[in-house]
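In: predicted model and sequence follow; I will ask about them next.
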Amino acid sequence: MARDKLCGCMHPAPEIETLFTIVPLLAAHPRAAWRVSLLGGITNRSFRLQAADLDLVLRWPGTSASRYLDRRAEPLNAAAVADLGIAPPVLAADPDAGWYITAFASGAEALHDAAFADPATLAAALDLLSRLHRSKIAFPFRQGLFQAIDLYLDLAPAPAMRQARRMLEPVRLALQRNPMPLAPCHIDPNPANFLRRADGRLLLIDWEFAAMEEPLWDLAAVSMETGLGVAAETALIEPRIGAAQMPRFELYKTTLNLVAASWCEAEMVAGNDSPYLIALRDARLHRLGERLAHPRHAEWLGRA
């Protein structure tokens with residue numbers, strides 16, 4: 001992609017440029033009227049499209065993640081949750097191609113990495129996720145913790161990852177005993193996927209991994225980013241799931257470290273050169289070791 005140094009406008013790849021002529025929403029203005037800027041992304045590309053009275057976001061699927069995701073699902077997932085009011089409205093989409101266009105959330109900012117250390121922000125994120133979990137949405141796919149890990153390991157069978165997977169086998173067996181009912185889950189609720197609007201309300205974006213799963217997946221994923229003490233975290237999580245599910249919640253927190261690390265490895269093997277991936281992989285493997293050595297780990301296994 002080239003960038004015009006004078007106007008700061010991007011000239012995307014030809015397949016994206018084609019959208020300006022075939023999508024009625026975009027074709028309403030001549031191509032020269034559109035300002036295109038890259039918003040970023042690790043596995044996908046998101047562009048802000050601005051022209052006259054329109055301010056939009058185009059989410060374009062990356063190639064590496066197509067090995068383990070069905071790209072047709074994300075536009076449909078995003079449209080379903082937009083109807084709940086927890087995501088920007090979808091204005092145009094091509095599920096077969098995997099792209100979709102939403103309204104740009106003007107004045108909204110992505111949460112920073114340490115945002116969930118603030119109990120009020122964490123509570124708001126948990127409330128949004130709980131609203132999703134209680135909804136009647138039925139995402140077309142099931143996403144299991146170990147199903148995801150084994151898929152990534154098939155794509156990138158690094159020895160360290162395989163060893164970590166063997167160490168987690170007792171966790172897999174423990175989680176099999178008393179599964180919770182499935183609910184619609186985001187699966188990747190990291191701070192960068194939350195937008196805070198000017199009125200303080202949160203929105204959630206990037207629905208490529210969305211699937212039917214135990215709500216513990218989302219709740220554990222969010223809690224992993226908090227840095228809060230045990231008492232503060234328990235005070236926020238336990239009322240939502242009940243005391244009996246807290247050991248299971250802890251095992252989800254443990255296992256999600258390998259989900260993230262093995263995903264990073266699979267992306268790097270596919271040629272994704274984001275510097276973020278190495279740091280995240282190593283941090284998650286280190287945290288996995290700490291979790292497995294936790295003095296209460298055996299208790300969680302027995303009570304899950």
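Out: Received, thanks.
In: only C-alpha atoms for contact and neighbour calcs from this point on.
Out: Will do.
In: tell me the buried residues in the lengthiest helix in the chain?
Out: Selection of the longest helix in the chain by residue count, based on DSSP state H, yields helix 246-269. By neighbour count on 16 or more other C-alpha atoms under 10 Å, the buried set for helix 246-269 is 246-268.
In: next SSE after that helix?
Out: Per DSSP states H and E, the first helix or strand lying C-terminal to helix 246-269 is helix 275-292.
In: what sits up against that next one?
Out: Helix 275-292 has contacts (C-alpha atoms under 8 Å, 6 or more residues apart in numbering) with Thr254, Thr255, Asn257, Leu258, Ala260, Ala261, Ser262, Cys264, Glu265, Glu267, Met268, His297.
In: the longest helix of the chain packs against which elements?
Out: Applying 3 or more C-alpha pairs under 8 Å, 6 or more residues apart in numbering; DSSP states H and E, one finds that helix 246-269 makes contact with helix 145-155, helix 159-167, helix 169-177, helix 216-223, helix 275-292, helix 297-303.
In: out of these, deepest packed?
Out: helix 216-223 (a mean of 22; mean count of other C-alpha atoms under 10 Å).
In: gap between it and the chain center?
Out: Relative to its parent chain, helix 216-223 has a centroid offset of 11 Å by C-alpha atoms, centre = their mean, to the nearest Å.
In: so what touches stretch 233-249?
Out: Ala123, Leu175, Leu216, Leu219, Ala220, Ser223, Glu299, Trp300, Leu301, Arg303, Ala304.
In: measure the residue nearest to the fifth one when sequence neighbours are not counted to Ala232 for me?
Out: If you skip the residues right next to it in sequence, Ala220 has Lys253 as its closest partner in space, 5.1 Å away by C-alpha to C-alpha, 6 or more residues apart in numbering. Taken as C-alpha to C-alpha, to the nearest Å, the spacing of Lys253 relative to Ala232 amounts to 16 Å.
In: pLDDT weak spots in the stretch 201-304 of the chain?
Out: In the predicted model of the stretch 201-304 of the chain, no residue satisfies pLDDT under 70.
In: apply 90 and report the result again.
Out: Where the stretch 201-304 of the chain drops to pLDDT under 90, the residues are 208, 224-232, 270-276.
In: what residue is smack in the middle of this protein?
Out: Residue closest to the average C-alpha location in the chain (C-alpha atoms, centre = their mean): Asp188, at 2.4 Å.
In: which residues touch that residue?
Out: Per C-alpha under 8 Å, 6+ apart, neighbours of Asp188: Phe209, Ala210, Asp218, Ala221.
In: ends of stretch 82-94, how far apart?
Out: Terminal residues of stretch 82-94 are spaced 16 Å apart (C-alpha to C-alpha).
In: can you list the residues that contact it?
Out: By C-alpha under 8 Å, 6+ apart, the list of residues contacting stretch 82-94 reads 23, 25, 72, 75, 78-79, 81, 99-105, 128, 132, 202-205.
In: those residues, buried ones only, as a ChimeraX selection?
Out: With 16+ other C-alpha under 10 Å as the criterion, this ChimeraX line picks the buried residues out of those:
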select :72,75,78,79,81,99,100,101,102,103,104,105,128,132,202,203,204,205
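In: narrow the contacts of stretch 82-94 to those in helices?
Out: With helices taken from DSSP H, the overlap with the contacts of stretch 82-94 comprises Leu25, Pro75, Ala78, Ala79, Val81, Leu128, Leu132.
In: so the fifth one versus Ala232, what's the distance?
Out: Meaning Val81. Between Val81 and Ala232 the distance is 29 Å, computed by C-alpha to C-alpha.
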